[in-house]
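S.K.: I'd like to go over a predicted model; first the sequence, then the structure.
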Amino acid sequence: MDNTNRFDLMIDSLAELAEEDRVHRTPPTSNQPALKSTLANLGSLPGEALFLGIAEDGLPVLLNLYDPIPGPILIIGDQGCGKTSLLQMIASAAEYLHTPAKLQYGVITPHLNEWDHLQNSEINAGIYSVNDKATPELLQSLVTWAHNNKGDQQSILLLIDNLEDVIKISDQAEQNLRFLLLRGPSRRVWPIITLNASHSKELNDWMEFFHTRFFGHIQGSDEAQLATGVSNASLQSLTSGSQFSMREGDKWLKFRVPSQD
């Protein structure tokens, strides 16, 4: 049995448990360029590329799913800066660009209704509430999958909306998440996780797991310094809901998030 089938079997039994909590909601509209047309204009992208946004020069911001060096990704910013929208756009772009045999994603969120428009995605391996009894099992199944992965071409995205909620689930869930943050990318399990900047001080130890960070609008200078590690970070000018920034050495790369179709 290949790794794709192993993962499918592990999440099949969890999907029904999450289904009863799902409530229909129409995704919000946006004035940003639509994702589908943005990807079409970019033309063919490498098969190992995960689309993350569009830089100011019009070039795509990509993650190489076969290169573990960037490690897990932290999306940090003020409440309402667009962290969830960025997670959802990443999931939607992955659906356009990848097949289930190459890429799947699982979601842990405190608000299941915000993800309803992605329930029918072919590469969606499950969307789970932080309070669902199946959520710790999802984390355990990903750890098991990572241990068994011997270099197959498939990758798994673990999209977590709000780090603080997940680490409170249980000691075992916390231990499994730590493993996935440390070892996941080298086994092609990619945690991409949001954090409210107001909680950065209390979760500073967890932030050390993330060498790659995407910053949304952060109004407070102290919180911006905690998030970025530099005293001159200016994140107040970023447009909430659509614009993020990341550090590349001493430089800052701003990028925008296309709207979901």
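M.R.: Received, thanks. Residues are numbered from 1 along each chain as shown.
S.K.: spatially nearest residue to residue 239, not counting backbone neighbours?
M.R.: Residue nearest to residue 239 in three dimensions, not counting chain neighbours: residue 217, with 7.2 Å by CB to CB, 6 or more residues apart in numbering. Using the backbone N, CA and C atoms, a C-beta is placed for each residue, glycine as well.
S.K.: quick one, what contacts residue 252?
M.R.: 245, 246 (CB atoms under 8 Å, 6 or more residues apart in numbering).
S.K.: go with 10 Å
M.R.: With contacts defined as CB atoms under 10 Å, 6 or more residues apart in numbering, the neighbours of residue 252 are 215, 228, 230, 233, 234, 235, 245, 246.
S.K.: list buried members of those by neighbour count.
M.R.: Among those, those buried by neighbour count (16 or more other CB atoms under 10 Å) are 215, 228, 233, 235, 245, 246.
S.K.: could you check how far the residue nearest to residue 239 is from residue 129?
M.R.: Look at residue 217 and residue 129: by CB to CB, to the nearest Å, they are 27 Å apart.
S.K.: more neighbours, these two?
M.R.: residue 217 (24 against 19; other CB atoms under 10 Å).
S.K.: quick one: the more buried one and residue 225, what's the gap?
M.R.: Computed as CB to CB, the residue 217 to residue 225 distance reads 15 Å.
S.K.: next: residue 49.
M.R.: 32 Å.
S.K.: could you list the buried residues of the host helix or strand of residue 139?
M.R.: Element membership for residue 139 (DSSP states H and E) is helix 135-148. Neighbour-count burial for helix 135-148 flags 135, 136, 137, 138, 139, 141, 142, 143, 145, 146 (criterion: 16+ other CB under 10 Å).
S.K.: excluding chain neighbours, what is closest to the first one?
M.R.: The shortest distance from residue 135 to any residue that is not its chain neighbour, by CB to CB, 6+ apart, is 4.6 Å, and that residue is residue 128.
S.K.: in this structure the residue nearest to residue 239 contacts residue 233, no?
M.R.: No. Counting by CB atoms under 10 Å, residue 217 does not reach residue 233; the two are 11.7 Å apart.
S.K.: which neighbours do those two share?
M.R.: What both residue 217 and residue 233 touch, as defined by CB under 10 Å, 6+ apart, is the set 224, 245.
S.K.: what is the rounded mean pLDDT of stretch 202-209?
M.R.: For stretch 202-209, mean pLDDT rounds to 95.
S.K.: so where's the stretch 151-261 of the chain shaky on pLDDT?
M.R.: The stretch 151-261 of the chain contains residues with pLDDT under 70 at 151, 261.
S.K.: mind listing the strands for it?
M.R.: Along the stretch 151-261 of the chain, counting by DSSP state E, counting those that start in this stretch, strands occupy 155-160, 189-196, 212-215, 243-248, 251-256.
S.K.: would you turn these into TSV with distance to residue 57?
M.R.: TSV is the format used below for those (distance: least, CB to CB, whole Å):
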stretch	distance to residue 57
strand 155-160	26
strand 189-196	23
strand 212-215	17
strand 243-248	13
strand 251-256	9
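S.K.: which parts of the chain are helices?
M.R.: 3-19, 35-42, 83-97, 135-148, 163-166, 171-183, 204-207, 221-228 (DSSP state H).
S.K.: residue 68: which of those is closest?
M.R.: helix 171-183 (9.0 Å; CB to CB).
S.K.: list the buried residues of that closest one.
M.R.: Under the neighbour-count criterion of 16+ other CB under 10 Å, helix 171-183 has 173, 174, 176, 177, 179, 180, 181 buried.
S.K.: tally of neighbours for residue 247?
M.R.: With other CB under 10 Å as criterion, residue 247 counts 16.
S.K.: quickly list what it is bridged to.
M.R.: residue 252 (DSSP bridges).
S.K.: that one touches residue 210, doesn't it?
M.R.: No. Contact criterion CB under 10 Å: residue 247 and residue 210 do not qualify, at 11.9 Å.
S.K.: nearest residue to the middle of this protein?
M.R.: Closest to where the C-alpha atoms of the chain average out (CA atoms, centre = their mean) is residue 192, at 3.1 Å.
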